[in-house]
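> Model the structure of this input:
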Amino acid sequence: MVAESFTRRGHEVVIIDRETPGHGSTGASTAMLLWEIDRSLSELTQAYGFGRAARCYTASLRAVQGLLALTRHYRIPCHIRDRLSLYLAVDDSGKPLRDESDLRARANLPGVFLDHASLLRRFEIARAGAILSPLVADADPVELTHELLKVSIGRGASIRQADATAFESAGAKVIVGLHGGYEIEANRVVLCTGYVMPSIVRPTIQRPTSSWAIATEPQPQNLWPEDVLIWEASHDYHYARSTADGRIIFGGEDDDSAIEPQAREALTPAKREGLRQKLGALWPRSSDKIDYCWSGAFDTTQDGLPLIGPVPGQKNIFAAYGYGGNGITFSYLAAELLATFCSGGNSPLLDDFAIDRTA
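Here you go, the predicted model:
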């Protein structure tokens, strides 16, 4: 996304990746393109004030809209589908979500609160309440990645398999040292390295964690009404979506004690069973035949917001870290913010998402 955004503005771009593009965390993503942030508007308002919280939410909404427009402009074949999202209460009271809905209306954000009866009647889900929101989507993240790379390369970008091991930004140019002794000289460098963060980036509000997901057998006859994207109003939430061939993907069971692959693998049987049971509780009609189970490591932040902007103490080096449950949405937002900034623009969002902010 960063390469596409910069090449669209006429910049000469070199992309380096030590892995095969689209593998790693991209392949593990469940690709729910939400604009609602891991921390509610109410929580962000309590932490930062209504103005800043509303600005972040509005930027996230516009990012989803921009990403959808981009995929349609280039006719990117990534199975992207417009959806509604259903943000479910997790306790016996719908009041917190009703208050959240009222605050969103004050910020001119779209959506409607559904009480227990309305939720049960329309979606056949028995929870105390929910917020139903438009303008979300789902997609195939690997195809999206490959097609965006094709667009960038078509504009002259080059891509190389390489591992950056050192950064020198004191001079007029940024020098990137590569494993094997080669160097790249650039006017600017954007770090999009996911949870593998170089030592020159030192945020204090992020932490790594792991998450698991399951995919059922195809069962188009058993899906919930309207194929809405589902997630819960809690910090360690579960989430669900369907696929084009009628599977249910259900994820969650986050665990910050098992980051390394071997540790995740050891926990996978128990996590798989936990997800199967919780899916059955949410949607009893679902088949309990699980065809796939996988896990991935990712980073979260204390306030649910990404880390985007200049790297403190490193001239002309920038970071694009779309941490949390909005990784794809925040990646598009980072690409647009940084490309605009490097073309002479600015935005208060760069302060909101600053690498060295405190939550």
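
> What count of nearby residues applies to the nearest residue to residue 248 once chain neighbours are set aside?
Nearest residue to residue 248, sequence neighbours excluded (CB to CB, 6 or more residues apart in numbering): residue 216, at 4.6 Å. For every residue, glycine as well, the C-beta is placed using N, CA and C. Counted with other CB atoms under 10 Å, the neighbours of residue 216 add up to 22.

> Enumerate every residue touching residue 216.
Contacts for residue 216 were tallied using CB atoms under 8 Å, 6 or more residues apart in numbering; they are 247-248, 250, 279, 286-291.

> Kindly write the PyMOL command that selects the buried subset of these.
Of the contacts of residue 216, the buried ones can be selected in PyMOL as follows, counting by 16 or more other CB atoms under 10 Å:
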select buried, resi 247+248+250+279+286+287+290
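
> quick check, nearest of the contacts of residue 216 to residue 330?
residue 250 (22.6 Å; CB to CB).

> Could you pull up the contacting residues of residue 28?
Contacts for residue 28 were tallied using CB under 8 Å, 6+ apart; they are 213, 294-296.

> my guess is residue 184 meets residue 167, correct?
No: taking contacts as CB atoms under 8 Å, residue 184 lies outside contact range of residue 167: 10.3 Å.

> list residues touching both of these two?
Contact criterion CB under 8 Å, 6+ apart; residues shared by residue 184 and residue 167: 175-176.

> that older thread, filter the contacts of residue 28 down to the ones in helices?
Per DSSP state H, helices hold no members of those.

> quick one: which of these is nearest to residue 147?
Distances from residue 147 to the contacts of residue 28, taken by CB to CB, are shortest for residue 296, at 21.4 Å.

> what's around the closest one, how many residues?
Using other CB under 10 Å, residue 296 has 21 other residues around it.

> Check the gap between the nearest residue to it once chain neighbours are set aside and residue 213 for me.
Sequence neighbours aside, residue 28 is the residue nearest to residue 296 in space, at 3.2 Å (criterion: CB to CB, 6+ apart). Relative to residue 213, residue 28 is positioned 8 Å away (CB to CB, to the nearest Å).

> Need the overlap of contacts for these two.
With CB under 8 Å, 6+ apart, residue 28 and residue 213 have common neighbours 294-295.

> Could I get the phi/psi values of the closest residue to residue 179 other than its chain neighbours?
Computed as CB to CB, 6+ apart, the closest residue to residue 179 that is not its neighbour in sequence is residue 163, at 4.1 Å. Main-chain dihedrals, residue 163, degrees, to the nearest 10: phi -120, psi 110.
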